[in-house]
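>>> Provided below for reference: sequence and predicted model.
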Amino acid sequence: MKKIKRIIISPYFVILLFVFKMMVYYSLIEVHRMELVMIGFSLLVWGALFICFGRSKIKGKKGLFLTVYFLLSLLMFADTMYYNYYNQTVSIKQLWQAKSVTAVPKSFLATLIPASFLLFLDIPFAYMSFKKYITKEIMQKIYPWRGMKYAIYVLTAVFITLILNPFHSAAIESVNNMEFFTSHVNDIYETISENLDQEVMPQEEILEVLNEVQPDTTYPNYRGIGEGKNLVVIQLEAFQDFVIGKEYNGQELTPNLNRLIEGDTLYFDNYYTNIGKGNTADAEFSTLNSLYPVEDGESYRLYQDNTYNGLPWLMRDNGYYAFAIHGYKGEFWNREYTYPNQGFQDFYSLEDLKQDEIIGMGVSDKSMFQQLVSILKSHKTPTFTFAITLSGHHPFELEDQYVTLELKEEDKDTKFGDYLECIRYVDEAIGQLVADLKEAGLYDNTVIALYGDHHGMNCGMDEILDQMNAFIGRTYDYDEMLNVPLIIHVPGSGVQRTIHTTGGQVDFMPTIANIMGLSLDDAFIVGQDLANAKEGFVAFTAYLFEGSFADNDVMFEISREGIFEGSRAWKIGTNEPVDAALYQEQYDKAILLKQTSKEILDQNLIANFITH
């Protein structure tokens, strides 16, 4: 037993465990290049920390070492969990998100990866080894301090070089962005440097970019076909486009939406979510304001007090009463605090609605829509409603009494099967809303616009990937995962068209403004009217790193290291690879649009031109 104990607490055994730990970590965050270099560098940093703690004269250093090592392991664990959901590691800028993420415990737990717990395996062995080898005599014997001191100096110099990357090396940038220690130190460094030295984009340059975005259309198609009607915009939780018009096990997945699309409807089938780390909240923000969300956090919190001139304000300027409705808590995603500045005059949340039917997090979609129709009937003036559905929220758990879709045996008790059940339920809720509007005499005078906020099926999860590949008949990739429907139904318009122009949530406001006959003369928008645009484009913020985009029929993904070299591109809908090096210009455009949008928010530029 003594021999076994000596082995398991020996530095050599602990080193092997640490190498295994880093192999697990880099595997879970999908590092496929220079992995050995990163493991080696991580090992050097870890060894330096071990020695520095051992040589220090700090009281209670054993407990301090255990605490620091546990926290580093916990950060690795957080990285893998965050990557499993966002395909990116966690940043110090995302500390704000802990409350919002853990507010939905079932959804939070569903993102856990069992293999991530292996990252804690070496902690007791590292601690026991540290206790045994921290005496000055042993440390001096094993690690002669004079030699190690200079080695640590060299390691520190290398570390600083990696962070600053003065030679702008792509290889160094790869290590800098993906290696555990350097990536997080670099994240802290960049956060501090951005706050200390903020370069401001000149206002004239911002306005020039905005002017270039808008398509030149003197007589736009579909101008004012919904003018004067009520407008109901519905954000569909985790609703993807691949379900539209599809059958499963002999059943229509979305019969009610299919009927809408067949008449008086513009359907945009190459429409993409362009959310940031704020997920649903960022989908709302981008949709209502035609601005890209920022990468650092949800815009509803970061820019709560800014001045806006988005869709709610435009509708109000045209005599509409603007309000929002959602079946969950008003404080979630900071809605009840940010909605007044967004232009909403009222907000009906969980606290205000009848809680007569609860599904998952809050009031069911069917109940919310029934209550919405009652609210609409009470208003004499035109109304603009922004409704956010909830029943299709991850982890997609419906009680049996609400399930009407018959699953195949192999899809029962799977995330894929659960998701399809929720899709069918939400579609039924929409069918009920349309029927209730007709019964109330409101349907003919109401434009109904629906779009998905973000994906439900993550292509980074193997168990989902296999079932999705089988369902869509090809490899399930980001071009399908980020594709959400946009459906604009205008009763009595006689318009029925499917528009294939590529776009995103950032394009919703100018598109619906044209249909509703609204003026955009005083708007600060980076999106375009998709019903009239000749070229399509949308940049991405989360899931794909900044610089990624969809351009007409091509999807471009910046490399996981965040650099142009090593990026990939492919034909949308076919998975056919194309040469990513040909898309430098579009990459630059994606960066410019994101930067311009961020500058509008950072400078609160709209306040210089608009007073509400």
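Arrived safely, thanks for sending.
>>> report the buried residues of stretch 574-591.
Under the neighbour-count criterion of 16 or more other CB atoms under 10 Å, stretch 574-591 has 580, 583, 586-587, 589-590 buried. Where you see a C-beta, it was placed from the backbone N, CA and C, and this is true even at glycine.
>>> what do you get for stretch 389-398?
Going by neighbour count (16+ other CB under 10 Å), the buried part of stretch 389-398 is 389-396, 398.
>>> can you give me how far that stretch is from the chain middle?
Remark: stretch 389-398 is offset 17 Å from the chain centroid, using CA atoms, centre = their mean, to the nearest Å.
>>> end-to-end on stretch 369-387?
Criterion CA to CA, to the nearest Å; first-to-last residue distance in stretch 369-387 is 9 Å.
>>> can you list the residues that contact it?
Contacting residues not belonging to stretch 369-387 are listed as 228-235, 284, 288, 311-312, 315-316, 318-326, 344, 348, 353-354, 363, 368, 429-430, 432-433, 436-437, 440, 442, 446 [CB atoms under 8 Å, 6 or more residues apart in numbering].
>>> let's see it at 7 Å
Defining contact as CB atoms under 7 Å, 6 or more residues apart in numbering, one finds that stretch 369-387 is touched by 228, 230-234, 312, 315, 319-325, 353-354, 429, 432-433, 436-437, 440, 442.
>>> what does stretch 404-415 give?
The contact list for stretch 404-415 (CB under 7 Å, 6+ apart) reads 249, 251, 396, 417, 420-421, 424, 428, 463-464, 467.
>>> enumerate every residue touching the closest residue to residue 329 other than its chain neighbours.
Among residues not flanking residue 329 along the chain, residue 350 sits closest, at 5.2 Å (CB to CB, 6 or more residues apart in numbering). Neighbour list for residue 350: 327-329, 362-363 [criterion: CB under 7 Å, 6+ apart].
>>> dump these into a markdown table; add pLDDT and distance to residue 184 as well.
Shown next, in a markdown table, are those (pLDDT from 0 to 100; distance: CB to CB, whole Å):
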| residue | pLDDT | distance to residue 184 |
| --- | --- | --- |
| 327 | 96 | 37 |
| 328 | 95 | 33 |
| 329 | 94 | 32 |
| 362 | 94 | 36 |
| 363 | 96 | 40 |
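>>> out of the residues you listed, what pair is the most spread apart?
By the measure CB to CB, 329 and 363 form the most distant pair in these, at 10.8 Å.
>>> the two: who's more crowded?
Taking neighbours as other CB atoms under 10 Å, residue 329 and residue 363 compare with residue 363 leading, 28 against 15.
>>> look up phi and psi at the more buried one.
Dihedral pair for residue 363: phi -60, psi 130, per degrees, to the nearest 10.
>>> hey, what's it bridged with?
residue 358 (DSSP bridges).
>>> tell me the spacing between it and residue 421.
Remark: distance between residue 363 and residue 421 (CB to CB, to the nearest Å) = 19 Å.
>>> what does residue 203 give?
Applying CB to CB, the value for residue 203 to residue 421 is 50 Å.
>>> ranges for the strands of the stretch 451-600 of the chain?
Per DSSP state E, counting those that start in this stretch, the stretch 451-600 of the chain carries strands over the ranges 486-489, 496-499, 503-504, 538-539, 549-551, 554-557, 568-571, 577-578.
>>> how about the stretch 201-350 of the chain?
Along the stretch 201-350 of the chain, counting by DSSP E, counting those that start in this stretch, strands occupy 230-236, 247-248, 251-252, 265-268, 271-272, 321-326, 346-348.
>>> okay, the ones you listed, which one's buried deepest?
Most buried of the strands of the stretch 201-350 of the chain, by mean neighbour count (mean count of other CB atoms under 10 Å): strand 271-272, with a mean of 30.
>>> what mean pLDDT does that one get?
For strand 271-272, mean pLDDT is 98.
>>> who touches that strand?
Here strand 271-272 makes contact (CB under 7 Å, 6+ apart) with 451, 482-486, 503-504, 538, 550.
>>> so which of these is the closest to residue 187?
Nearest to residue 187 among the contacts of strand 271-272: residue 482, at 24.5 Å, using CB to CB.
>>> shaky segments in this structure?
By pLDDT under 70, the weakly predicted segments of the chain are 1-9, 32-37, 41, 50-56, 93-111, 133-177, 193-198, 215-219.
>>> tally of neighbours for residue 421?
24.
>>> over to the one 5 residues further on?
Using other CB under 10 Å as the criterion, residue 426 is surrounded by 26 other residues.
>>> mind listing what it touches?
236, 239, 365, 389, 391-392.
>>> mind doing that once more with 10 Å?
With contact set as CB atoms under 10 Å, 6 or more residues apart in numbering, residue 426 has these partners: 234, 236-239, 243, 254, 256-257, 365-366, 389-392, 450.
>>> of all those residues, which comes closest to residue 87?
Closest to residue 87, out of all of the contacts of residue 426 and judged by CB to CB, is residue 238, at 16.2 Å.
>>> contacting residues for that closest one?
Taking CB under 10 Å, 6+ apart, we find residue 238 in contact with 279-280, 389, 392-394, 396, 419, 422-423, 426, 452-457, 484.
>>> against residue 276, how distant is it?
16 Å.
>>> and if you look at residue 571?
According to CB to CB, residue 571 stands 26 Å off from residue 276.
>>> mind listing what's buried in the host helix or strand of residue 71?
Residue 71 belongs to helix 61-86 when elements are defined using DSSP states H and E. Within helix 61-86, the residues that qualify as buried are 61, 65-66, 69, 72-73, 76-86, counting by 16+ other CB under 10 Å.
>>> so residue 559 sits against residue 569, correct?
No - using CB atoms under 10 Å as the test, residue 559 is too far from residue 569 to be in contact (11.3 Å).
>>> list the residues that contact both of the two?
If you check residue 559 and residue 569 against CB under 10 Å, 6+ apart, the residues they both contact are 548, 580.
>>> are there residues contacting both of residue 329 and residue 363? Which ones?
Common contacts of residue 329 and residue 363 (CB under 10 Å, 6+ apart): 349-350.
>>> dump the contacts of strand 271-272 to TSV, plus distance to residue 302 and neighbour count.
Below are those laid out as TSV (distance: CB to CB, whole Å; neighbours: other CB atoms under 10 Å):
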residue	distance to residue 302	neighbour count
451	23	23
482	23	27
483	27	23
484	24	29
485	28	22
486	26	26
503	25	26
504	20	30
538	22	26
550	25	28
